[in-house]
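Enquirer: return atomic coordinates for the entry below.
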Amino acid sequence: MSLILSRLRRGRTLAVLASGLALTAAVFGGQASATGASAPSTTQHADARTAAVAASSQPCDIYAGGGTPCVAAHSTTRALYASYTGPLYQVRRASDNATRDIGVLGAGGYADAAAQDSFCAGTTCLITVIYDQTGRGNHLTQAPPGGFSGPAAGGYDNLADATAAPITVGGHKAYGVYVAPGTGYRNNHTNGIATGDQPEGMYAVLDGTHYNGGCCFDYGNAETNSRDNGNGTMEAIYFGNIKVWGYGTGNGPWVMADLENGLFSGVNAGYNANDPSVSHRFLTAIVKGEPNHWSIRAGDAQSGSLSTFYNGPRPNVAGYNPMKKEGAIILGIGGDNSHGSAGTFYEGVMTSGYPSDATENAVQANIDAAGYATSSGPGGLTPGSKISLRATTPCCTDDYIVHDDADSNVVIAPVSASSTSTTKGDATWTVRAGLANSACVSFESVNKSGQYLRHSNFQLHLGANDGTSGFAQDATFCPEAGHNGQGYSFRSVNYPSDYLRHYSYTVYIASQGGSHTWDSATSWSDDTSWAVGQPWA
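Expert: Below is the predicted model:
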């Protein structure tokens, strides 16, 4: 470890300690003022233990110090125990179906993203397992069919593209779990997860800008048979902007609790005024519950404290008191395998027992100090900048992505200094933050303002942004290192296995060796790699 890195880590550790001690002092001071009692309560003892371990601990160490240990801990970005040295997740590559466990750079450290990049170079990878760091074996794998069948073979859900959500944590490259509709993970045979009306807590760090109105982007406790078993058989964090069952103020998205047959934003079914819309790029979302009592909390996972959006009795609807939790774990789907949702997950845990606010505040301080940040991204892809995209296949290195003024089709064609000003403009694009995912990009035509590069029936066209979520997804592409080692490859946000590819001089989104002619494996790596150059216009 370099001296600079050591100092940075020590600084973050001290920040967590200071925050944890300050929070605990505030709790103690507030209670003493309110009650006049000199002897600390059981809760105060737990909060003191929380502060004591916050100095050199990760989230699960802090929860244990507060008397509510983790019984499931999942992350593709970092260790959630200070002593953890095991694997975080497993990837499988498309070229030969080989798998590789991706671990941490050191005890309690960040993900070894370089190991994934090396293993997946020249092909695509899927996340097959998200390992449980508690030692209880509560790993998350491909969700099986249930009340709804998934789109993959045998009715299973899709697996997440391993490179779809690049970020940095503490200055280190890492990847999140990018859930497109149809993607889901589950474990129906768990160890130690709350059942019945037993108390539990859970948090998740999510991308607060990646969501939709589908059901249901959840992380937490669900049915063990992948079916809807009635009110109160779930307790999970939900994030999105669906309003069918419940919602808060504004247009969403909201952090709510999926308790089965209801997404609850408070005590009432439907609307609850105290649950605000939230849009932090990195979001900490919390749901916790115990007999006839539950809470929603959330905050910015990059800085600041948690806010409590609800803290009170179970919903005033029959079937939720007492709860009938079953103890499965889900990610990205509903309890009955509803899989129409979208979202991105970075880390999360589930606990035994109802955590105190002070414990969660110390965990939030740890998350803030972890240093979540957006990936610096490929050079030249700054929103607002103008670029041209050049093919890197040996046949076509003078060809650029251009749009045809006559029919809106998108092709590759030669562009040079002697080209007309119209052609140069047709080969020039303004980079915009991704319409469907701000961590990705969209390309707006310089010659036709308001019209974007988008796919329709897998072929690329120029289209006017109509403001719909469908258009936004069709026009959003996530940059990755070029498959042939040159430039960048651009993955479709709503078809995660498909990339911008030229084939017979026409531009498509294409998978490697898929069923369409333009999915041909021949030259796929070259044809899906693009050099980002200076704008022609």
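
Enquirer: so where do the strands sit in the stretch 351-500 of the chain?
Expert: Taking DSSP state E, counting those that start in this stretch to define them, one finds strands in the stretch 351-500 of the chain at 372-374, 386-391, 399-403, 410-414, 429-433, 441-445, 451-456, 459-464, 477-481, 488-492, 499-503.

Enquirer: just the buried positions in the fourth one, please.
Expert: In this case it means strand 410-414. Buried residues in strand 410-414, counting neighbours by 16 or more other CB atoms under 10 Å, are found at 410-413. For the C-beta atoms, the positions are set from N, CA and C on the backbone; glycine is no exception.

Enquirer: same thing with the third one?
Expert: By neighbour count, and taking 16+ other CB under 10 Å as the criterion, the buried residues in strand 399-403 are 399-403.

Enquirer: again with the shortest one
Expert: The neighbour-count criterion (16+ other CB under 10 Å) identifies Tyr372 as the buried residues of strand 372-374.

Enquirer: which strands or helices does the helix or strand containing Ile62 pack on?
Expert: Here Ile62 sits within helix 59-65, counting by DSSP states H and E. Here helix 59-65 touches helix 42-53, strand 70-75, strand 343-351, helix 357-370, going by 3 or more CB pairs under 8 Å, 6 or more residues apart in numbering; DSSP states H and E.

Enquirer: roughly how far does the residue nearest the centre of the chain sit from Val493?
Expert: Ranked by distance to the mean C-alpha position of the chain (CA atoms, centre = their mean), the top residue is Thr344 at 1.6 Å. In this structure, Thr344 and Val493 are 11 Å apart, going by CB to CB, to the nearest Å.

Enquirer: please apply the same query to Ser523.
Expert: 24 Å.

Enquirer: more neighbours, the two?
Expert: Remark: of Ser523 and Val493, Val493 carries more neighbours, 27 against 15, as counted by other CB atoms under 10 Å.

Enquirer: give me the phi and psi for the more buried one.
Expert: Summarising the backbone geometry of Val493 under the convention degrees, to the nearest 10, its torsions are phi -70, psi -30.

Enquirer: skipping adjacent residues, who's closest to it in space?
Expert: In this structure, Val493 finds its nearest non-sequential neighbour in Thr476, 4.0 Å apart by CB to CB, 6 or more residues apart in numbering.

Enquirer: list the contacts for that neighbour?
Expert: Residues in contact with Thr476, defined by CB atoms under 8 Å, 6 or more residues apart in numbering, are 434-437, 440-442, 492-494.

Enquirer: from Asp474, how far off is the residue of the chain positioned farthest from its centre?
Expert: Taking CA atoms, centre = their mean, the residue of the chain most remote from its mean C-alpha position is Ser418, at 45.5 Å. Counting by CB to CB, the gap between Ser418 and Asp474 amounts to 34 Å.

Enquirer: and for Glu326?
Expert: Counting by CB to CB - Glu326 and Asp474 are separated by 38 Å.

Enquirer: Asn494 now?
Expert: With distances defined as CB to CB, the gap from Asn494 to Asp474 amounts to 7 Å.

Enquirer: which of the two has more neighbours?
Expert: Neighbour totals were compared for Asn494 and Asp474, and Asp474 leads with 25 against 20 (other CB under 10 Å).

Enquirer: grab the nearest non-local neighbour of that one.
Expert: Take Asp474 and drop its neighbours on the chain: the residue closest to it by CB to CB, 6+ apart is Arg454, 4.2 Å away.

Enquirer: my guess is the one you found contacts Ala475, does it?
Expert: Yes. In this structure Arg454 lies within contact range of Ala475 using CB atoms under 8 Å: 3.9 Å.

Enquirer: who touches both of the two?
Expert: By CB under 8 Å, 6+ apart, the residues touching both Arg454 and Ala475 are Gly463.

Enquirer: flag the shaky bits of the stretch 1-150 of the chain, pLDDT-wise.
Expert: Applying pLDDT under 70 to the stretch 1-150 of the chain flags residues 1-56.

Enquirer: quick one: the strands in it?
Expert: With DSSP E, counting those that start in this stretch applied, the stretch 1-150 of the chain shows strands at 70-75, 89-93, 99-102, 125-130, 140-142, listed in chain order.

Enquirer: low-scoring stretches of this structure, by residue?
Expert: Per-residue confidence of the chain (counting by pLDDT under 70) places the weak regions at 1-56, 376-380.

Enquirer: residues touching Thr392, list them.
Expert: Thr392 makes contact with 482, 484, 486-487, 526, 529-531, according to CB under 8 Å, 6+ apart.

Enquirer: please enumerate the helices of the stretch 51-200 of the chain.
Expert: According to DSSP state H, counting those that start in this stretch, the stretch 51-200 of the chain carries its helices in the segments 59-65, 113-120.

Enquirer: so what's the gap between stretch 423-433 and the chain middle?
Expert: Offset of stretch 423-433 from its chain centre (CA atoms, centre = their mean, to the nearest Å): 29 Å.

Enquirer: count of neighbours near Asp407?
Expert: By other CB under 10 Å, 8 other residues sit near Asp407.

Enquirer: how about it, phi and psi?
Expert: Recorded main-chain torsions at Asp407 are phi -130, psi 10, according to degrees, to the nearest 10.

Enquirer: same deal with the one 10 residues further on?
Expert: According to degrees, to the nearest 10, the main-chain angles of Ala417 amount to phi -60, psi -30.

Enquirer: and it, how far is that from Leu389?
Expert: With distances defined as CB to CB, the gap from Ala417 to Leu389 amounts to 18 Å.

Enquirer: quick revisit: the strands of the stretch 351-500 of the chain into TSV, with extra columns for distance to Ala73?
Expert: Supplementary listing: these in TSV, determined by distance: least, CB to CB, whole Å:
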stretch	distance to Ala73
strand 372-374	17
strand 386-391	41
strand 399-403	43
strand 410-414	45
strand 429-433	32
strand 441-445	33
strand 451-456	38
strand 459-464	42
strand 477-481	27
strand 488-492	28
strand 499-503	33
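
Enquirer: quick one: closest of the ones you listed to Asp101.
Expert: Distance to Asp101, taken as CB to CB, is lowest for strand 477-481 among those, at 21.1 Å.

Enquirer: from the chain's centroid, how far away is stretch 222-241?
Expert: Averaged C-alpha coordinates place stretch 222-241 at 19 Å from its chain's average position (CA atoms, centre = their mean).

Enquirer: same question, stretch 101-114
Expert: Relative to where its chain is centred, stretch 101-114 has its mean C-alpha point 18 Å off (CA atoms, centre = their mean).

Enquirer: contacting residues around Tyr346?
Expert: Contacts of Tyr346 (CB under 8 Å, 6+ apart): 75-77, 165, 167, 169, 174, 176-177, 204-207, 282, 372.

Enquirer: list the buried residues for stretch 433-450?
Expert: Residues of stretch 433-450 classed as buried: 434-448 (neighbour count, 16+ other CB under 10 Å).

Enquirer: ok, stretch 457-475 next?
Expert: Buried residues in stretch 457-475, counted by 16+ other CB under 10 Å: 458, 460-463, 465, 471-475.

Enquirer: now swap in stretch 412-429 and tell me
Expert: Of all the residues in stretch 412-429, those buried under the rule 16+ other CB under 10 Å are 412-413, 415, 419, 423-429.

Enquirer: mind picking the one among those residues that's closest to Gln198?
Expert: The closest of those to Gln198 turns out to be Trp429 (CB to CB; 54.2 Å).

Enquirer: of all the buried residues of stretch 412-429, which comes closest to Gly334?
Expert: Comparing the buried residues of stretch 412-429 against Gly334 with CB to CB places Trp429 closest, at 37.9 Å.
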